[in-house]
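>>> can't give you the sequence, but here's the structure:
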């Protein structure tokens, strides 16, 4: 298990990713699955898409 705010590190090291916003897991899956769900090019952009969804923006 790795806990980090550095998405590029997580993308390189982890097989599965859990995205937590305000203490709640808002997404979980492989990097490819998370990128597909958001249409993002990298995990950092995917994180911000999930963050925006959670915050209702």
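Thanks, I have it. This one's a predicted model, so the numbers in the text were calculated from it and none came from an experiment.
>>> pLDDT of the longest helix along the chain, averaged?
For the chain, the helix that runs over the most residues, judged by DSSP state H, is helix 43-55. Averaged across helix 43-55, the pLDDT comes to 94.
>>> show me what counts as buried in it.
Neighbour counts over helix 43-55 (16 or more other Cβ atoms under 10 Å) mark 43, 46-47, 49-50 as buried. Yep, even glycine has a C-beta here, placed from its N, CA and C like the rest.
>>> what sits up against it?
Here helix 43-55 makes contact (Cβ atoms under 8 Å, 6 or more residues apart in numbering) with 7-8, 10-11, 17, 19, 21-22, 24, 26-27, 31, 34-35, 37-40.
>>> and the residues you listed, which are buried?
7, 10-11, 17, 19, 27, 31, 34-35, 38, 40.
>>> among these, which are in strands?
In strands, defined here by DSSP state E, the members of these are 17, 19, 27.
>>> would a markdown table of these with distance to residue 54 and pLDDT be doable?
Converted to a markdown table, these look like this (distance: Cβ to Cβ, whole Å; pLDDT from 0 to 100):
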| residue | distance to residue 54 | pLDDT |
| --- | --- | --- |
| 17 | 15 | 96 |
| 19 | 9 | 95 |
| 27 | 9 | 97 |
